[in-house]
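In: For reference, the sequence and a predicted model appear below.
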Amino acid sequence: MSSDSPAKKTTTTPAKAASAAPLKTPQPEPSAVEEAHDQIVRLDPALIVRDDYNARTTDTEPDDDLKASVAELGVQDPIHVRPQENGTYGAFKGWRRAQAQQDANATAKAEGRPARKIPTIIRADLVGNDAMTHLLSLIENDHREQMHDRDRVKAIETLALIDVSEEQRETMARALKIKRAELRAAREAARLDDAQLHRASVQGFDLMQMAEMAEVSDVSRAVQVLEDAHAKDTAEEGGGRGHWDQALAQLRQAKADTEARQTALDALEKADVPLLPDYFPWGTKDTSRPLTELRTPLGAPLTPDKHAYCSGHAARLDEEFQPVWYCSDPAKYGHKLRPGAKQAKQSMSEEEKEARARTIAGNKAWKTARTVREDFVRRLCKGKSLPEPVRQFALRTVMSPPYLYAKWCEKGETEAVAQFLGVPDPNADTSQYSREGDPFDDLVSRQGKTKGWHQVFAQVAAAFEYSMREPKAWQGLSRHQAAYLLCLKAEGYRLSDVEELAVTKYLPQPDDEAQAADLAA
């Protein structure tokens, strides 16, 4: 038996090993730039001023709670500054804290408190980089509840105007989680007053919508109309901005109408031409006649220039706010009626006035809706793929062309097709007698199969839009035109009220649906 006893091996379980020699969690290595940013120094508050590119422009003074806290404990969170040419440091983050410490130090000796310095991160790398300074300040303040709506919009407006590269502007937009278009829209949005900005912010409007709201804010009830439209869009499945687009188009039209009317009235006033009333009391005869129905005593046409010296020279404004020239009383001023002119009618009845007002309103609404509809068609034509129902509609139109499509093709128009496809009009600089014979051959060759159906649909849409160009088209829509509108509706286009009215007679009626259900049963 051997006298050598086996040596005992010391074993350590993983748990014991961990407790005996704790492992260090690997820490990320900061870059040299990050290390420079993270270095905190303590600065005399007297050396700190507000940076010109600090995003906060309202509520910049420290409140009483902040002052009391800083007087008692000093500034706890570092502020961010960048060196200035005069030896001071511009605060772009934490300027209110810096002011609170300045106030506390001013009374420290008298109140038996120490005068404190401020923990500060000095960003020497931002000297001369106003855009990044402003962006960092905006992001800092944007996360604080106290930031005023005006500050945010104004700050984004400033970023949009600063001269930076497109790459930097993309970075800014991503950092703020906004679209590039919103950067550009901030300038218009800044035109809203504080109350309107607050309402828009509460409703969740983006900067594009704020800018559009500013565009029509002087129209009666514009803000309420847009709020209602935004609420409808939000409540609908899939969202979108169909109600918003239609409401905005109507408000733009109302604004344009008001401006056009005022321009026309100013011109008439300047020319000292009275404006005739549109309506007279029931039973009262309107003695006025348009000049087109009148002749001189010698039978010559009575033009506005010839009639300008007549005491009865007057005007009315048509639906487009263009002057229509009248003589207020041809018999009194010695003018003859043109042969075949109709006899003057008495004033319209209330029913006739209402019917005329509905027609005028419908015509304007139809004209307004077209701008929104054409924008929707452009988006369809620029999409990656054309929806199958739209492709089939285009195919059926080409294979069994309705008269409106065949008539349009004969015209050889290319402008609308080019606009829908987002390409230059090949006939933009040519007369109707020297137009290109095959204007889109090059486009077809370049885009080939990928965008072929987009091009066909653009052609079809251009034909339908042309056929419905007249303001009164809504009163007698054909079944093909109604099918076109309903095809767009099925793809997400929000029909306006007048468009809904125009297609109503082509929709299945309740009795038809019941009859179809009975037949199916």
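Out: Perfect, I can see it now.
In: low-confidence ranges in the stretch 301-450 of the chain?
Out: Within the stretch 301-450 of the chain, the set of residues satisfying pLDDT under 70 comprises 340-348, 432-437.
In: what about the strands in it?
Out: Taking DSSP state E, counting those that start in this stretch as the criterion, the stretch 301-450 of the chain carries its strands at 313-317, 323-327, 336-337.
In: Single out the most deeply packed of those.
Out: strand 323-327 (a mean of 21; mean count of other C-beta atoms under 10 Å). C-betas here are computed from N, CA, C, even on glycine.
In: what's the offset of that strand from the middle of its chain?
Out: Taking the mean C-alpha point of strand 323-327 and that of its whole chain, the gap between them comes to 39 Å (C-alpha atoms, centre = their mean, to the nearest Å).
In: would you list every one of the helices in the stretch 101-250 of the chain?
Out: Across the stretch 101-250 of the chain, reading from the start of the chain, the helices by DSSP state H, counting those that start in this stretch fall at 108-111, 130-142, 149-161, 166-176, 180-189, 194-203, 207-215, 222-235, 242-270.
In: hmm, who's touching the first one?
Out: Surrounding helix 108-111, the residues in contact under the criterion C-beta atoms under 8 Å, 6 or more residues apart in numbering are A71, P114, A115, R116.
In: now stretch 451-460
Out: Where contact means C-beta under 8 Å, 6+ apart, the residues beyond stretch 451-460 that reach it are 377, 380-383, 386, 390-391, 393-395, 397-398, 405, 417, 420-421, 440, 443-444, 447.
In: which parts of that stretch are buried?
Out: Buried residues in stretch 451-460, counted by 16 or more other C-beta atoms under 10 Å: K451, W453, H454, Q455, V456, F457, A458, Q459, V460.
In: Narrow the residues you listed to those in helices?
Out: When helices are assigned by DSSP state H, the members of those inside them are W453, H454, Q455, V456, F457, A458, Q459, V460.
In: List the buried residues for the longest helix along the chain?
Out: With DSSP H setting the assignment, residue counts place helix 350-382 as the longest helix in the chain. Buried residues in helix 350-382, counting neighbours by 16+ other C-beta under 10 Å, are found at 362-370, 372-373, 376-378, 380-381.
In: mind checking the end-to-end distance for stretch 55-73?
Out: The separation between the terminal residues of stretch 55-73, taken as C-alpha to C-alpha, to the nearest Å, is 27 Å.
In: Where does the prediction get shaky in the stretch 101-250 of the chain?
Out: For the stretch 101-250 of the chain, residues meeting the criterion pLDDT under 70 lie at 141-152, 154-155, 157-164.
In: 50 instead?
Out: The model of the stretch 101-250 of the chain has no residue with pLDDT under 50.
In: possible to save the ones in helices among the buried residues of stretch 451-460 as TSV with distance to R338 and pLDDT?
Out: Formatted as TSV, the entries for those read as follows, by distance: C-beta to C-beta, whole Å; pLDDT from 0 to 100:
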residue	distance to R338	pLDDT
W453	55	92
H454	53	93
Q455	51	93
V456	50	94
F457	49	96
A458	47	95
Q459	45	94
V460	45	96
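In: Thanks a lot, see you next time.
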